[in-house]
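Enquirer: Can you look at this prediction? I've put the sequence above it.
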Amino acid sequence: MPLDTERGYHAEWDMPAPRLGRPCADAARGVYLCPMAGRLRAVGTVELGGIHAPPTPRRIARLVAGARAWFPDLGPPDRTWMGLRPSIPDSLPVIGPSARGAGVIHAFGHGHLGVTLAPLTAAIVAALVAGRAPPADIASLSPQRF
């Protein structure tokens, strides 16, 4: 399957109390600011780059610049990192029996919607395992589409 790696970037500043009461999006800059316990997190840039390429520094710089547009007195981030997420090129999850046998059910590649789609995916997988028709049409999600 053409599984790729979506690489998401994060920058965090430690602080006693975040300066925001809820997550905020700066759509013009493509940065989301998320208050967390004891810190402020900036996220919002991803790339398809595989698991072996080094992080792209300009993506972190973009997050830092976006956060400083809101809070100019922020110093350097206390930590930055890049996280990896499985991604499918057509942006659809892979759900259904393996081509090698119905005893293996694939259910992955949900991108940023894994938690949101988890209940429906669980119901689909449960139906497939039980030999029942799934509660949704999964033809477009078939592992055999590749």
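Expert: Ah, there it is. The structure presented is a predicted model; accordingly, all values stated were derived computationally and were not measured.
Enquirer: Quick one, grab the pLDDT at the most centrally placed residue in the chain.
Expert: Centroid-nearest residue in the chain, with Cα atoms, centre = their mean: residue 112, separated by 3.9 Å. What the model reports for residue 112 is a pLDDT of 80.
Enquirer: hang on, it is in a strand, isn't it?
Expert: No: read with DSSP: H, G, I helix; E, B strand; the rest coil, residue 112 is helix and lies in no strand.
Enquirer: residue contacts, it?
Expert: residue 85 (Cβ atoms under 8 Å, 6 or more residues apart in numbering). Glycine gets a C-beta too; all of them are placed from N, C-alpha and C.
Enquirer: In what element of secondary structure is residue 9 found?
Expert: Residue 9 is part of strand 4-14 when elements are defined by DSSP states H and E.
Enquirer: Tell me which residues are up against that strand.
Expert: 36, 38-51, 53, 55-56, 59-60, 63-64, 67, 74-75, 77-89, 111.
Enquirer: Please repeat the previous calculation with a cut-off of 7 Å.
Expert: The contact list for strand 4-14 (Cβ atoms under 7 Å, 6 or more residues apart in numbering) reads 38-43, 45-51, 59-60, 63-64, 67, 74, 77-87, 89, 111.
Enquirer: Mind checking which of the residues you listed are in strands?
Expert: Mapping the contacts of strand 4-14 onto strands (DSSP state E) picks out 39-43, 45-48, 79-87.
Enquirer: quick one, domains of the chain?
Expert: Split into domains by automatic domain parsing, the chain comes to 4-87, 94-145.
Enquirer: how far away is the residue nearest to the centre of the chain from residue 14?
Expert: 26 Å (Cβ to Cβ, to the nearest Å).
Enquirer: got it, and residue 62?
Expert: 21 Å.
Enquirer: Could you check which of those two is surrounded by more residues?
Expert: residue 62 (19 against 11; other Cβ atoms under 10 Å).
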